[in-house]
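In: Got a sequence here, can you model it:
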Amino acid sequence: MPLAAEQISSLLGMIAASEPDSLDCDGCFARVAEFAEAELLSLDIPDAVRAVETHLKQCPCCRDEYNALLEGLRALEEDQ
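Out: Here you go, the predicted model:
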């Protein structure tokens with residue numbers, strides 16, 4: 001099944017917007033809590049953790065896990 005012109009254009013746009021991803025999902029998982037803490041506390045995100053941000057932009061599975069983590073952390077803050 002050939003792709004329509006708008007589908008091809010959309011795919012090319014996604015490719016152009018992508019960034020090199022130096023983390024795999026396991027690497028992201030190992031550092032995502034550190035990234036979430038920095039974001040919740042409005043701290044500067046260290047360069048070593050910045051790769052998590054890049055990975056989350058490109059990986060819907062990790063992004064879903066991250067959003068669930070943020071929800072849980074915010075709920076904990078509200079209870080305190």
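
In: Arg63 contacts Leu56, doesn't it?
Out: Yes. Using Cβ atoms under 8 Å, Arg63 is in contact with Leu56, at 4.9 Å. C-beta here means a position set from N, CA and C on the backbone, and glycine is covered the same way.

In: what about the longest helix along the chain, average pLDDT?
Out: Secondary structure assigned by DSSP state H gives helix 60-79 as the longest helix of the chain. Here helix 60-79 scores 91 as its mean pLDDT.

In: Packing partners of that helix?
Out: Judged by 3 or more Cβ pairs under 8 Å, 6 or more residues apart in numbering; DSSP states H and E, helix 60-79 is in contact with helix 25-40, helix 47-58.

In: list the buried ones in that helix?
Out: Cys62, Glu65, Tyr66 (16 or more other Cβ atoms under 10 Å).

In: same deal with stretch 23-42?
Out: Counting neighbours by 16+ other Cβ under 10 Å, the buried set in stretch 23-42 is Leu23, Cys28, Arg31, Val32, Phe35, Ala36, Ala38, Glu39.

In: Listing request: residues of the protein with sub-threshold pLDDT.
Out: For the chain, residues meeting the criterion pLDDT under 70 lie at 17-21.

In: Now do the contacts for the most centrally placed residue in it.
Out: Nearest residue to the geometric centre of the chain (Cα atoms, centre = their mean): Leu56, 1.4 Å. Counting by Cβ atoms under 8 Å, 6 or more residues apart in numbering, Leu56 touches Cys28, Val32, Phe35, Cys62, Arg63, Tyr66.

In: and which of the buried residues of stretch 23-42 is nearest Ile15?
Out: Looking at these and their distance to Ile15, the nearest is Leu23, at 19.0 Å (Cβ to Cβ).

In: contacting residues for the closest residue in space to Leu23 that isn't next to it in sequence?
Out: Distances taken as Cβ to Cβ, 6 or more residues apart in numbering place His55 nearest to Leu23, at 4.4 Å, with adjacent residues excluded. Contact partners of His55, counting by Cβ under 8 Å, 6+ apart, are Asp21, Leu23, Cys25, Gly27, Cys28, Cys62.
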